[in-house]
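In: I need the structure of the sequence given here:
(chains A, B, C and D)
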Number of protein chains: 2
Amino acid sequence: MPRRGLRRVKVLPEHARAHNRSLVLQTLFHDGAMSRADLSRETGLTRVTISDLVAELIGDGLVAELGIREASGPGKPAMVVDLDRAGRRILGMDLSGPDRFLGAILTLDGDIVARHEIPAPRGAEDARDAVIELARRLVADAHAPILGIGVGSPGVVDNDGVVLSAPGLGWTQVPLRSILEDALALPVLVANDANAAVLAEYTFGGAGDDVVLVKVGRGVGSGLVSAGQPMRGAHFAAGEIGHVTVGTDGGPQCACGKVGCLEAWLSVPALTARMADAETAADREQQLRDAGERLGIALAPIVGALDVSEIVLSGPDELLAGPLAEATVETIRTRTLARFHDGVRVRMTAQGQDIVLRGAAVMVLSGQLGVS
Amino acid sequence: MPRRGLRRVKVLPEHARAHNRSLVLQTLFHDGAMSRADLSRETGLTRVTISDLVAELIGDGLVAELGIREASGPGKPAMVVDLDRAGRRILGMDLSGPDRFLGAILTLDGDIVARHEIPAPRGAEDARDAVIELARRLVADAHAPILGIGVGSPGVVDNDGVVLSAPGLGWTQVPLRSILEDALALPVLVANDANAAVLAEYTFGGAGDDVVLVKVGRGVGSGLVSAGQPMRGAHFAAGEIGHVTVGTDGGPQCACGKVGCLEAWLSVPALTARMADAETAADREQQLRDAGERLGIALAPIVGALDVSEIVLSGPDELLAGPLAEATVETIRTRTLARFHDGVRVRMTAQGQDIVLRGAAVMVLSGQLGVS
DNA sequence: TTTTGTTCGTAAGGTCTACTAACAAACATG
DNA sequence: CATGTTTGTTAGTAGACCTTACGAACAAAA
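Out: Sure thing, here's the model as predicted:
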């Protein structure tokens, strides 16, 4: 007998309804305000069904009528509807900073309208309490109903929002999702910070459907989207490339005990230390090029295996943009078959320092509205 | 305005119906014959709905009643139903061999009940005609209605079954799917041979939901399944790792012009040549260990990034099993963070030489019945 | 042997979903 | 002003699954 497959689940008509509801939201989210008739044409659903769905969404306060569109041709002028982009807010938090927890209130479009931050405490308990405190302060500043809370946390996070392991915070098996849900009575979504970041790049950054985001900070992590779907991995550890050994010729000593880890080459502390040691500008550039080459060596097999079309870097511009990124793309092209991958782009994110916060917002949009 | 997302499609109630129909087939496929009431408990659908779906499937000749189960407890004895495993056959073809096209008729369980093969011609036109001829011979030997035709082809194959590029066959932009559909009037599914192979391993080989299959033959290719989903890549070239450069210390010359490609280390011709050159048994073993180490170096970043739990090797046992596989797993463990990946298993496939044929059958099961 | 309780499969009726058909309202154009 | 177009709604229909109810067939206890 063949193996037991993934436990699939039944689908009821109401699930189809929920899907189509999300389809309407998704269409408005991406294409902007339009009439019911436009939505009908765009989605393939009939005007009747669209009217029904839109009425339901207006009742839920997620969609609003904006007014009559000025007639440009024959026919009855259309009533334009749109996501009520001001009607709901999203609470995002980024716990991946070296010494501070960042938080923000965002619009449905991912724009930040309020910020708070709090020092990251040392102990596991204190860190947990600080997250709750930060969330409470943000809730007080929302000035609109909050759709949900998204959290980008360092470490490995499972599908239920349990932080399985985050050494930097001293967390092991911390059920962050239920902790925050209990404390704030709002829907909560938790993911690894780099995995959140790639969602921001995918939804707000114009990335394609097959993209890898490399996040360089105190450590090095990554998030992967393939065919438009985020990857999570067998142990929820997809993207953990910081301690992959790069090359076969040694390398710097890593804090983990091994030699030549990507993180030992590429982390911000490692890079700044080498920048400080370098004596000339040419020296510094060579150091950056070396680091970029190492990144390319590590990424080449991933690019080949996943057939990724786009690699996005997130981290300090002064280190990553320029020679480092150039060396990365050159190395990848040299080390993969050019036939298919000559189109691999390597670029900096345009999301800046708020990428994790915006990614956390995408998690909420996706989890609560089915929008991404 | 955010980017335009994947074009999602509406869902109608009839799609839910089709899903639940597949759910019944999937349950029977994996768990074997059972009663309608068992199906109801297993799927969560009511007995009424299950009866309706089963009646439809019996009408289509996909499911059959096997007889009354002997009563073991109180209550009315159950009528056992099952996939009509003998009622339909699958036609599979493997075009990846060095000099022959292989074909087989398979049961729904992936067992081969008839075989044919044909020399692989040189020219692109002749190769195309040979595939059609092979399929015709197999159809004549099917002795049951054929559910569909699955083809594992070398090269890059898009979602529409067009072989974009298969240098070994001289094919460029060959619409193999429509060619075969026109010639044989049967549903056809085409995929890369290694991508087909990983499906066989996933469905029949007991692999987990996150698995990489490395297929070593004239070249080196791979197929990836992540979270139970096959990966295709931005240009339908996922798994193409043969010409990824391995290591930073040179290596053998590759036919592609570069130095140190995985294929130059690991392909069957390369390995057999080095075996022949080696003078002692210890020498030969070292050669195999070196090749295995190179495979490990190439796979380590992939294992880290995808958080794969299982790596399966397909190819000649006498080369791959033993020192090579051992060196591969040791290298991966050395070069990735042990915390999460110490569970990475590396093993030979148990599917043998028929892995692509069986994978082609899985493609048909999945495409025609929604079963995998 | 009779009674009781269980399990199986089916029948009838209800709810939900999206569809088709038809229509009034509101506009541009000849 | 008549005509045609477009919008959004109303009314009715078909499909899918649900709940409820029931007869059939059995085991175990009285």
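
In: Spell out whether stretch A:144-159 and chain B are in contact.
Out: Yes: judged by Cβ under 8 Å from any Cβ of the partner chain, stretch A:144-159 comes into contact with chain B at A:Val156. The way it works is simple: take the backbone N, C-alpha and C, and place the C-beta from them, glycine included.

In: just how off-centre is that stretch within its chain?
Out: Its chain's C-alpha centre and that of stretch A:144-159 lie 11 Å apart, by Cα atoms, centre = their mean, to the nearest Å.

In: swap in stretch A:82-91?
Out: On Cα atoms, centre = their mean, the centre of stretch A:82-91 falls 19 Å from the chain's centre.

In: Quote the end-to-end distance of that stretch.
Out: 21 Å (Cα to Cα, to the nearest Å).

In: Please enumerate residues in contact with it?
Out: A:25, A:28-29, A:32-34, A:61-64, A:66, A:103-109, A:113, A:135, A:138-139, A:142-150, A:186, A:360-361, A:364-365 (Cβ atoms under 8 Å, 6 or more residues apart in numbering or on different chains).

In: Filter these down to the buried ones, PyMOL style.
Out: Per 16 or more other Cβ atoms under 10 Å in any protein chain shown, the buried members of the contacts of stretch A:82-91 correspond to this PyMOL selection:
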select buried, chain A and resi 25+28+29+33+34+62+63+64+103+104+105+106+107+108+109+135+138+139+142+146+147+148+149+150+186+360+361+364+365
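
In: List the ones among the contacts of stretch A:82-91 that fall in helices.
Out: Those of the contacts of stretch A:82-91 mapping onto helices are A:25, A:28-29, A:135, A:138-139, A:360-361, A:364, per DSSP state H.

In: Report the two of those separated the most.
Out: A:Leu28 and A:Ala135 (28.0 Å; Cβ to Cβ).

In: Give me the neighbour count for the residue in the stretch 201-350 of chain A positioned nearest to DNA strand D.
Out: The minimum distance from the stretch 201-350 of chain A to DNA strand D, using Cβ to the nearest atom of the strand, falls at A:Gln229 (24.9 Å). Residues near A:Gln229, counting by other Cβ atoms under 10 Å in any protein chain shown, number 17.

In: now do A:Val9
Out: Neighbour tally, A:Val9, other Cβ under 10 Å: 12.

In: which ones are touching it?
Out: B:23, B:44.

In: Please report the distance of it from A:Val259.
Out: 47 Å (Cβ to Cβ, to the nearest Å).

In: hmm, back to that, which one among the ones in helices among the contacts of stretch A:82-91 gets closest to DNA strand C?
Out: Among the ones in helices among the contacts of stretch A:82-91, and counting by Cβ to the nearest atom of the strand, the member closest to DNA strand C is A:Leu25, at 13.1 Å.

In: which residues does the closest one contact?
Out: A:57, A:62-63, A:83, A:369-371.

In: repeat that for 6 Å
Out: A:369, A:371 (Cβ atoms under 6 Å, 6 or more residues apart in numbering or on different chains).

In: Ok, the one 3 residues further on next?
Out: Going by Cβ under 6 Å, 6+ apart, A:Leu28 touches A:82-83.

In: Count the residues that sit near the closest residue in space to A:Ala135 that isn't next to it in sequence.
Out: The shortest distance from A:Ala135 to any non-neighbouring residue, by Cβ to Cβ, 6 or more residues apart in numbering or on different chains, is to A:Leu184 (5.6 Å). Using other Cβ under 10 Å, A:Leu184 has 17 other residues around it.

In: for chain A, which helix is longest?
Out: Chain A, longest helix under DSSP H: helix A:281-306.

In: what's downstream of it, the next helix or strand?
Out: From helix A:281-306 onward toward the C-terminus, using DSSP states H and E, the following helix or strand is strand A:310-314.

In: okay, whichever residue of the stretch 151-300 of chain A sits closest to chain B: pLDDT?
Out: Closest residue of the stretch 151-300 of chain A to chain B, Cβ to the nearest Cβ: A:Gly233 (2.4 Å). In this prediction, A:Gly233 carries a pLDDT score of 95.

In: Without its sequence neighbours, what residue ends up closest to it?
Out: B:Asp307 (2.4 Å).

In: residues near the one you found, how many?
Out: Neighbours of B:Asp307 (other Cβ under 10 Å): 25.

In: So which of the ones in helices among the contacts of stretch A:82-91 is the closest to DNA strand D?
Out: Out of the ones in helices among the contacts of stretch A:82-91, the member with the shortest distance to DNA strand D (by Cβ to the nearest atom of the strand) is A:Leu28, at 13.2 Å.

In: any weak-confidence spans in the stretch 151-300 of chain A?
Out: The stretch 151-300 of chain A contains no residues with pLDDT under 70.

In: residues contacting the closest residue to DNA strand C within it?
Out: Residue nearest to DNA strand C within the stretch 151-300 of chain A: A:Pro187 (20.7 Å; Cβ to the nearest atom of the strand). For A:Pro187, the contact set (Cβ under 6 Å, 6+ apart) comprises A:148, A:368.

In: where do the strands sit along the stretch 201-350 of chain A?
Out: Listed in chain order, the strands of the stretch 201-350 of chain A (DSSP state E, counting those that start in this stretch) span residues A:211-216, A:220-226, A:229-230, A:310-314, A:345-348.

In: Now the second one - C-alpha only, CSV.
Out: Presented in CSV, the C-alpha positions along strand A:220-226 are these (Å, rounded to 0.1, in the frame of the first residue of the first chain):
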residue,chain,number,x,y,z
VAL,A,220,22.5,36.2,8.5
GLY,A,221,19.1,34.8,7.7
SER,A,222,16.9,34.4,4.7
GLY,A,223,13.4,34.0,3.6
LEU,A,224,12.2,32.2,0.5
VAL,A,225,9.1,32.5,-1.6
SER,A,226,8.7,30.0,-4.4
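
In: just checking, what packs against it?
Out: helix A:193-203, strand A:211-216, helix A:262-266 (3 or more Cβ pairs under 6 Å, 6 or more residues apart in numbering or on different chains; DSSP states H and E).

In: just the fourth one next, same as before
Out: For strand A:310-314, the elements it packs on are strand A:211-216, strand A:345-348, judged by 3+ Cβ pairs under 6 Å, 6+ apart.

In: which stretch among those comes nearest A:Gln173?
Out: Among the helices and strands packed on strand A:310-314, strand A:211-216 sits nearest to A:Gln173 (Cβ to Cβ), with 23.7 Å.

In: For the helix or strand harbouring A:Phe101, give the mean pLDDT please.
Out: Taking DSSP H and E as the definition, A:Phe101 sits inside strand A:100-106. Mean pLDDT, strand A:100-106: 98.

In: So which residues lie in contact with it, not counting its own?
Out: Contacts of strand A:100-106 (Cβ under 6 Å, 6+ apart): A:89-90, A:92-95, A:112-120, A:134, A:138, A:141-142, A:357, A:361.

In: just stretch A:318-335 next, same as before
Out: A:271, A:285, A:288-289, A:291-293, A:295-296, A:299-300, A:303, A:313, A:344, A:346, A:348, B:245.

In: May I see the buried residues of it?
Out: Applying 16+ other Cβ under 10 Å to stretch A:318-335 flags A:319-320, A:323-329, A:331-333, A:335 as buried.

In: Kindly report the same for stretch A:56-76.
Out: A:57, A:62-64.

In: what does chain A put close to DNA strand D?
Out: With the criterion set to Cβ under 7 Å from any atom of the strand, chain A comes near DNA strand D through A:10-13, A:35-38, A:47-48, A:51, A:55, A:73-79.

In: restrict those residues to those near chain B?
Out: Applying Cβ under 6 Å from any Cβ of the partner chain to the residues of chain A next to DNA strand D, one finds that A:10-11, A:13 fall near chain B.

In: Of those residues, which is the most crowded?
Out: Result: A:Val11 is most packed of those (other Cβ under 10 Å), 20 neighbours.

In: got a list of what it touches?
Out: B:16, B:19.

In: Check the gap between it and DNA strand C for me.
Out: Separation of A:Val11 from DNA strand C (Cβ to the nearest atom of the strand, to the nearest Å): 11 Å.
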